[in-house]
Structures are given as C-alpha cells and as structure tokens.
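Asks: got a sequence here, can you build the structure:
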Amino acid sequence: MKKTISILCAASMLAALVLPGCSGGDAGSSAAATSNASGSSAAAAADVPKFEDIQFPDDAPVSGITPEKDDKRYAYDDMSKNYTVDIMMSNYGTPALAGDKDPIRTWLEKKFNVSIKCESLTGDDMKTSIATRSASGDLPDLFMAPDQATAKNLYEQGLLLDGKQVYPYLPLVRQYVTKNMVKYTTDEDGGLYCTTNYQIQDGVWTFCYRQDWLKKFNMEIPKTEAELMDFAKKCTFDDPDGNGKADTYFMISACNGGSVLDGMNGGFGTMYGDPAVHVESGALSHPNFNGVRKKVLTLLHSFVEAKVLYPDWYTIEWSKAQSYQFNDKIGCVYYPPMTLVQQYTAAKSHAAGDESVWTCASEAPIEGGKFAANGNPGFLWCWSKSGFSDEGKLKRVAHMVDSCEFGGDSFFETIQNGTDEEWKAAGYPVETPRTWKYNDDGTFYFYNASKGSPWSDNTLMTATGPWQQFGLIVPFQRNSPTGDDPQMVKENVAGNKLQDIESKEARWPNTGLLCPISDESVSPGITDYVNAQELAFVTGKRPLSEWDAYTKEWLAKGGKKIIEADAKQLGVPVPDYAK
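Replies: Residues are numbered from 1 along each chain as shown. So this is what the prediction gives:
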C-alpha cells in the first residue's frame, strides 16, 4: 500500500498552478548583526546561531513569514569577494537561458557578487547527470536531489555537507522547516544530508462543490457522511442541469487505472484518521490494521453501489475528466480551488457569473475528517563538500538562497519568472508593467498583463521557471485583486476567497515524514497486488467482510517485511499480528 505522506508532485501540476504569515518559533530567525553590513567575522559568528539552538517549528506555517527589511541578518557575509557557483535544478525539458539572456541569473549575479553556472534538467536526466558527475568527482556545488535515496547515498559517501552547517545561515528558510522535515532528512547517524523548506505547492487541494446545484437542492455544503451521500445522489439523479437527461454525476475521480485513491479520490484518504504509518502510545499504527483504510474503501464502495460516480471513474485520465467538470456534468471535485475557478471560467470564455459556480468549505465532508498533512519536504537541496570548502562561499550562496524565500528581498525577483525591471535590464522589451505585492495576511500576488511582456513567451517562461524553486510557496499565493479587465478581477477575487477558506482547514500532522520507506522498495510487486484488491473491494467484486482475510494475505505477500521495516524506522516493536 502506498504510504500517504501527502507529497504533491510539483512538476506535474506546476503548469496549472503557475498562474498567477505566521512566524515560526526560531530563536535565530532575526540573527541581527551589530556590525556594519559587510560584517566582521567575529561579529557575524556571534550572531549566527548554533544548529543546536535553532528552534524549528512543530507545524508548517499557514501563511508567509512577515517580510523583514533587515540586511543585518546576513552580516555574516562579506560581500566584497566574488565567488563562482555551479547550480543544477529540475525543469520541464527547456534548457536554461545562456549567458546574459537569463534576466534572473544576471540579476542574482549582480546583487550577490557571484558568477552562476546554471543547468536545468528534467527529473530523469538530473538523476543520470548527478550519478555521472559524482562518479567523476565533479558534483555541482548546489543541486536538487532527484530523490531522497540519491541525497542520502551521496552524503554517506562523504560528498555532501551536513545540513547542520548550512541551516544557521538560512534565517528565513528554517522558519518554514518543521521538526519532522528535519527528521526526514536525517540519516541513522544524525547527519542531515540536505536542506529543504516548505513544499512549493503544499496543501492547496480541497473538495469543491457546485454552489448552484447546492442552491437548487436547498442544501448546505456537506459536513457529514450522510449529507455527502445525499448530495451525491441528488447530483446524479435529480437533473441539476435541468436538461432532462441522466448525464450528471457526483464525482469522476480520474484514478487513471492506478490506486483507487489516486486522482480526486485522494481527498477521501484522510477522512477517517491519520493515513500515514505512525506511532500511537508507543505502538505502530498502520492504516490496514487500525480501521482507517477499510473505512475509506467502504465509503468509495458506497459511492459505486449508489452509482453516483461517472462510469469510467477509475480508468479515465485527468485531462479527459476535466472536460466533464468544465461542461457542468460533475457536482464535486478535489482540486486547488483558486486554480479551479481560473480554469473553469477560462473554459466558459469568462462569462459573467461563472466565477461563482464553485464553492468550498473549511470543514471536511465527513464528520471528524481532516485534510492531507502539510509541511512536506519540498525540494531536497544538496550542498557539495568540494563546492563549499571555502566557508565564505557557503555563506554567500546561503545568503542568496535565503533571500529568495518568502519574506526575502529576492523573492519577487526569482518567483513567477521575475520582474519587468530584470527583463528590461537584460535587454528584453517590456510593453506592459507587472505588479506584485505582499498582502497583510501573509499572502502575495502578481499581476501580469497577458500581452506585451517577455514572460508571455512560453519558452522564456519555462526557461526561467526553475529559479522559483528556491522560494515559491503556492499556498500563500493569491490572484491579483486589481487589473484592467473587471470580469477577470471578479474571477481573481472569487478564487482568492476560496483559497482563503481552504487555508483554514484542519490537517493531519505530517507523521508520514518519519517513516518515508516505500512499500515497493521493501516488497517489490506488492503495489500491483494492493491496487487490484482495493479495486475489488470498492467495486464489490470482493466483499469488505473479507478485510481480515485480505490483511493476512497482505502480510504473507510481503506485508510482514514492510511492517518490520516501518517498526525499525520508527523505533517501536513489531506488532504481534506481523510476527
């Protein structure tokens, strides 16, 4: 069974979400130097906290850290010396812009007195490149690990700095790093094989409902399982679009033939308890054995039995499923609400009133339910030992990276393809201005004119996109409440309102980070078996009365090894049922 760590795939959804706070309890967050801006080494050392003194927050912030205009935080960095830094980041197949054609790189080089060599690759190509370059002793100075195992392996080979050496120089970043995120990147001997921060698009998904259908049914947004089923049946059988045909449904799911909890069904996986393998009262708690998974599958089975899901709910893929929701045939979706409003109104040619079709709630649609955990590990940044043998260079690059975080003075210059000033300085024509702003509630927005700007060119947009991976946090992003098009402004305000509602939802703690072991890595082939059996339970081909028999089968087919590995990882005894 897949562990639910709630790590959303930034690469797959970034195209849809690149559209468009509370302060962590960090004893070293201010780190204000009392010397001049360049900072003597003695003064800087006194103001940079020891790693052991940093108080990482228990939970991820629900809004951005209040911006500070305080260059003294970086007094540890003597800006007079120039350094060359080799950076490798993940991209979508579009190469980085060469030379001074990249306005963001050019701006960073000038601001931080560095010379940057930047390479952007797809995830698969990055894995190959990292392997090749590590074998030849030529690792990039700073790079995104393609996965956790790669970062850990390189660290254990002695090729990477311990993150404990880096975090003291990241006063902003570390306020977005939870205790569990630190544990997630810690090896068995207590070393941190990378640094990380709040996931680029963590926690932006929720259940959205057709507001016009709710009104037609004289219903409120569902808050209990019974109310949800009532709404589901009315969506399917009460002709909400009024065309006299039986062609509307509650949900469509779009599992694409994978797990029954893939696609939009994924939102139900957290409704009956913490879905991650975790520790309760000193004992291992596994969703197969604590009732959580069975309850989720029982709910999905009730949807199938009631015939409220689109018939092809399991095999249809995401883009095809979208056509049904945009053509008014689906009553509920699990979606980023701000993006849903944008995509729906665009599909409807921005007709007046369509911005109000969808709504969402801060409460879960199942009593006692919560939403997926936030505080995901985000991108894993590796700092090579060979690249940072000079501590001055480490301080400079850390200073640059930290200033790109939300609240930093390089945030807007690196996210969402930069500012018009950067593009003008690089020689690109900018006909229409771009605006950006930190909001008082710990959010931010951009306003981009649709024409007359270089970022309207998709190639330029994707080529400069990787820079945003230092600091963009989509949950804190809102659409512009101002603009030349009144209808677009209405749509933006409507989307922002729903995103604000979503941000208040109760979520599970990200205990899954403490047990990141993949079931498939321990027992190869077990995922296909689990997917087939869970589909059988949901469709009724296998009765849920056989759940206990299934869990025994699961243990025999490799589940015991998985439980043993989980127990070892969490430092608790193996439960009797798995012995």
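Asks: pLDDT value on residue 15, please?
Replies: Note for residue 15: predicted pLDDT of 33.
Asks: kindly report the same for residue 197.
Replies: The model's pLDDT for residue 197 equals 84.
Asks: same question for residue 97.
Replies: 88.
Asks: and the nearest residue to it once chain neighbours are set aside, what is it in contact with?
Replies: Taking Cβ to Cβ, 6 or more residues apart in numbering, and ignoring the residues beside it in sequence, residue 97 has residue 463 as its nearest neighbour in space, at 4.9 Å. From N, CA and C alone the C-beta is placed, and that goes for glycine too. Residue 463 sits next to 91, 94-97, 102, 120 when contact means Cβ atoms under 8 Å, 6 or more residues apart in numbering.
Asks: now, which of those lie within strands?
Replies: residue 120 (DSSP state E).
Asks: with only the CA atoms kept, save the host helix or strand of residue 230 in CSV.
Replies: If you go by DSSP states H and E, residue 230 is part of helix 225-237. Only the C-alpha atoms of helix 225-237 are listed here, as CSV (Å, rounded to 0.1, in the frame of the first residue of the first chain):
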residue,chain,number,x,y,z
GLU,A,225,-21.1,11.3,5.5
ALA,A,226,-24.9,11.1,5.3
GLU,A,227,-25.1,14.7,3.9
LEU,A,228,-22.4,13.9,1.4
MET,A,229,-24.2,10.8,0.1
ASP,A,230,-27.5,12.8,-0.1
PHE,A,231,-25.7,15.5,-2.2
ALA,A,232,-24.1,12.8,-4.3
LYS,A,233,-27.4,11.2,-5.1
LYS,A,234,-29.0,14.5,-5.9
CYS,A,235,-26.2,15.4,-8.3
THR,A,236,-26.7,12.1,-10.1
PHE,A,237,-30.4,11.6,-10.1
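Asks: please renumber the chain so that the first residue is 558 from this point on.
Replies: With 558 as the first residue, the last one maps to helix 782-794.
Asks: mind listing what's buried in the lengthiest helix in the chain?
Replies: Ranked by number of residues, the top helix in the chain under DSSP state H is helix 1043-1059. By 16 or more other Cβ atoms under 10 Å, the buried positions in helix 1043-1059 come out as 1045-1056, 1058-1059.
Asks: hey, where'd the strands end up in the stretch 608-757 of the chain?
Replies: In the stretch 608-757 of the chain, the strands defined using DSSP state E, counting those that start in this stretch lie at 640-647, 671-678, 699-701.
Asks: I misspoke; the intended subject was the stretch 1008-1136 of the chain.
Replies: 1034-1036.
Asks: per the record, what domains does the protein have?
Replies: As recorded under automatic domain parsing, the domains making up the chain are 582-759+933-982, 766-928+1040-1136.
Asks: weakest of these by average pLDDT?
Replies: domain 582-759+933-982 (a mean of 87).
Asks: please compute how far it lies from its chain's middle.
Replies: Distance, stretch centre to chain centre, for domain 582-759+933-982: 18 Å (Cα atoms, centre = their mean, to the nearest Å).
Asks: before we move on, the earlier item: the contacts of residue 1020, buried ones only, as a PyMOL selection?
Replies: Filtering the contacts of residue 1020 down to the buried ones (16+ other Cβ under 10 Å) takes a single PyMOL command:
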select buried, resi 648+651+653+654+659+677
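Asks: just the closest of the contacts of residue 1020 to residue 919, please.
Replies: residue 648 (35.3 Å; Cβ to Cβ).
Asks: list the buried residues for stretch 658-665?
Replies: Within stretch 658-665, the residues scored as buried using 16+ other Cβ under 10 Å are 659-665.
Asks: ugh, wrong one, stretch 637-648
Replies: Within stretch 637-648, the residues scored as buried using 16+ other Cβ under 10 Å are 640, 642-648.
Asks: all helices of the stretch 908-1057 of the chain, in order?
Replies: Counting by DSSP state H, counting those that start in this stretch, the stretch 908-1057 of the chain has helices at residues 948-960, 968-971, 977-982, 1015-1021, 1043-1059.
Asks: is it possible to get a markdown table of the ones you listed that adds distance to residue 927?
Replies: Below are those laid out as a markdown table (distance: least, Cβ to Cβ, whole Å):
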| stretch | distance to residue 927 |
| --- | --- |
| helix 948-960 | 32 |
| helix 968-971 | 30 |
| helix 977-982 | 41 |
| helix 1015-1021 | 35 |
| helix 1043-1059 | 13 |
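Asks: so which of those helices is nearest residue 936?
Replies: For the helices of the stretch 908-1057 of the chain, proximity to residue 936 was assessed by Cβ to Cβ; helix 948-960 is nearest, at 11.1 Å.
Asks: which other residues reach that closest one?
Replies: Contact with helix 948-960 is made by 630-631, 633-636, 638, 640, 642, 665, 668-671, 698-699, 718, 722-723, 726-730, 938, 940, 944-945, 965-968, 1027, as judged by Cβ under 8 Å, 6+ apart.
Asks: same check, this time on stretch 708-716
Replies: 687, 691, 696, 702, 717, 719, 742, 744, 748, 750-751, 937, 939, 941-943.
Asks: now a ChimeraX select for only the buried ones of the residues you listed.
Replies: Restricted to buried positions by 16+ other Cβ under 10 Å, the ChimeraX selection for the contacts of stretch 708-716 reads:
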select :687,691,696,702,717,719,742,748,750,751,937,939,941,942
